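Asks: Structure for the following, please:
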Amino acid sequence: MSEFQAIILAAGRGSRMYPLTEDCPKALLPVGNQPLIWYPIQLLEQNGFNEALVVVRDSAAGAVSDALSNLRGLRIKLSTVTIPETEDWGTADSLRHIRNKIHSDVLLISCDLITTVPLRTLMDFHQVHECTLTSLLVREEGSKRSTERDIVGLSGDSRLVYMSAQADLDDHLTLNRAMLKRYPHIRLFTELLDSHLYLIKKWVVDHLADNREVSSVKGELVPYLVHHQSIRANETYTKPLKQALVKAASSCVDELETLAYEFSSFNGHIGGNKEFREDLIRCHALLLGSEFTTRVNTLPAFTEANRMISGHLSAFGLEKPLSQPNWRSKGVSVSPDSQVASSAQLAEKVSVKKACIGEHCSIGERSKVINCVIMDHVNIGEGCSLQGCVVCSHARLEERVTLKDCYVGANFTITKEADMRGETLVVGGGLHF
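Replies: Got it, this is the predicted structure:
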């Protein structure tokens, strides 16, 4: 897919997913017994990409590189690039840092996005409409609505004309006159979320080098571009933005016209194409059909993604693990919407419902695991009952432990007969019974 360069952003600290990320990079958290980053990688490969850059923090580079090398069946070439661990950078900062490795327009995708959206549809739209930026929006379901609401304004041609986090607004919404004059018919939405998948012109990435005030793509770059598309170029465009547009224009008009333009005052009139003169910056957003799309960026979203993914395995080329032949004779019950890794060991009369059980786990006799995510190498003793829990790698639960709505950190041990609800348990900082 030579017209776009794919970049997977996997450098987030995952602070909203503590304690799961205490011992594991966010990109490697398991969803459906696959590392989270596997889903955007698979999406890119399914849509014809032959290579991609993966942006990670220095501290996670080794673990992510090892995990990527162990992914089976992938043909796409993956190259990791790192950002300093000491820097608290946003997504636009990361793009600025690696801009020398970017040679074409960019398809930017977050490692926490799981979607079956056909990328070709977005790319065709982006190219046909000569978009500066194209964003994928997703519609929230009623019971799963996020507390982080965006207010999104779209014109009739899918032009993205307004975007702001609701938390950033006062009691009222202000729309500027220039925008309303240019786009008199606008629909405002409060149930649409930015999926963190973008198609971006290369000149925008180059422009980031001269505009260091922009730190994040979603929070700052998108509103910046949306704002500047609704005003005339000679009104408030900064000098760096004017220069970036001049450079971008050189690919759209002939050399003589560009040269004449550079020696004239900037008035927003480039070339003889009226549409191009009036649309130096074009931001669009697409909301596509009923494709499965979710972001795994909070603890509830992580649990929900693991619950839902079993119904979408075929879309990602995955097959549900087969039941072990001795489960029936041992009285083991595993619901159809559960996933149990082939190396997991389930003792007699174990019951698993709406749960994901990772590699090399051991679950003792008569234990019940309901609506849970159990990561790799977890040992659960006999007679335990877990409901709505996430248990991280190498944790150990002794006999007859009862947990409900708990998060158990990596390497944590819970001694026998403990009974807890709504607890976060981590080594060195949580409860240890």
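Asks: C-alpha from now on. contacts and neighbour counts both.
Replies: Noted.
Asks: thought Tyr183 was touching Ser155?
Replies: Yes. When contacts are counted by Cα atoms under 8 Å, Tyr183 is listed as touching Ser155 (6.6 Å).
Asks: shared neighbours of those two, which are they?
Replies: Val161 (Cα atoms under 8 Å, 6 or more residues apart in numbering).
Asks: Tell me how many other residues surround Asp157.
Replies: Residues near Asp157, counting by other Cα atoms under 10 Å, number 9.
Asks: please renumber so the chain begins at 246
Replies: Sure thing, new numbering starts at 246, so read that last one as Asp402.
Asks: State the phi and psi torsions of the nearest residue in space to Ile445 that is not next to it in sequence.
Replies: The spatially closest residue to Ile445, leaving aside those adjacent along the chain, is Leu378, at 4.7 Å (Cα to Cα, 6 or more residues apart in numbering). Leu378 has phi and psi values of phi -140, psi 140 when expressed as degrees, to the nearest 10.
Asks: Residues contacting the helix or strand containing Val467, please?
Replies: In this structure, Val467 sits in helix 467-474 according to DSSP states H and E. Applying Cα under 8 Å, 6+ apart, the contact partners of helix 467-474 are Leu378, Leu405, Val406, Tyr407, Met408, Ser409, Tyr482, Asp524, Leu525, Ile526, Arg527, Cys528.
Asks: Tell me the bridge partners for the residue nearest to Ile445.
Replies: Ile445, Cys528 (DSSP bridges).
Asks: follow-up on the earlier one: send me the helix holding Val467 as CSV with only the CA atoms.
Replies: Output of helix 467-474 as CSV, limited to C-alpha atoms (Å, rounded to 0.1, in the frame of the first residue of the first chain):
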residue,chain,number,x,y,z
VAL,A,467,-7.5,17.7,14.6
PRO,A,468,-9.1,20.9,16.2
TYR,A,469,-6.3,23.0,14.8
LEU,A,470,-6.9,21.8,11.2
VAL,A,471,-10.6,21.9,11.5
HIS,A,472,-10.5,25.5,12.7
HIS,A,473,-8.1,26.6,9.9
GLN,A,474,-10.2,25.0,7.1
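Asks: pLDDT below threshold where in this protein?
Replies: For the chain, the stretches flagged by pLDDT under 70 are 246-247, 385-393, 476-523, 565-570, 674-678.
Asks: Break it into its domains for me.
Replies: 249-475+530-540, 565-670 (automatic domain parsing).
Asks: just those: most buried one?
Replies: domain 565-670 (a mean of 20; mean count of other Cα atoms under 10 Å).
Asks: can you map out the strands along the stretch 496-645 of the chain?
Replies: Counting by DSSP state E, counting those that start in this stretch, the stretch 496-645 of the chain has strands at residues 528-532, 538-540, 578-579, 584-585, 590-591, 596-598, 601-602, 607-608, 613-615, 618-619, 624-625, 630-632, 635-636, 641-642.
Asks: about what we covered before: okay if I get the domains of the chain as CSV plus distance to Asn551?
Replies: As requested, the domains of the chain are exported to CSV (distance: least, Cα to Cα, whole Å):
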stretch, distance to Asn551
domain 249-475+530-540, 5
domain 565-670, 7
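Asks: right, and those domains - which one's nearest Ser555?
Replies: domain 565-670 (5.8 Å; Cα to Cα).
Asks: Which element, helix or strand, includes the closest residue to Val301 other than its chain neighbours?
Replies: Spatial nearest neighbour of Val301, chain neighbours left out: Ala256 (4.1 Å); criterion: Cα to Cα, 6+ apart. Counting by DSSP H and E, there is no helix or strand that carries Ala256.
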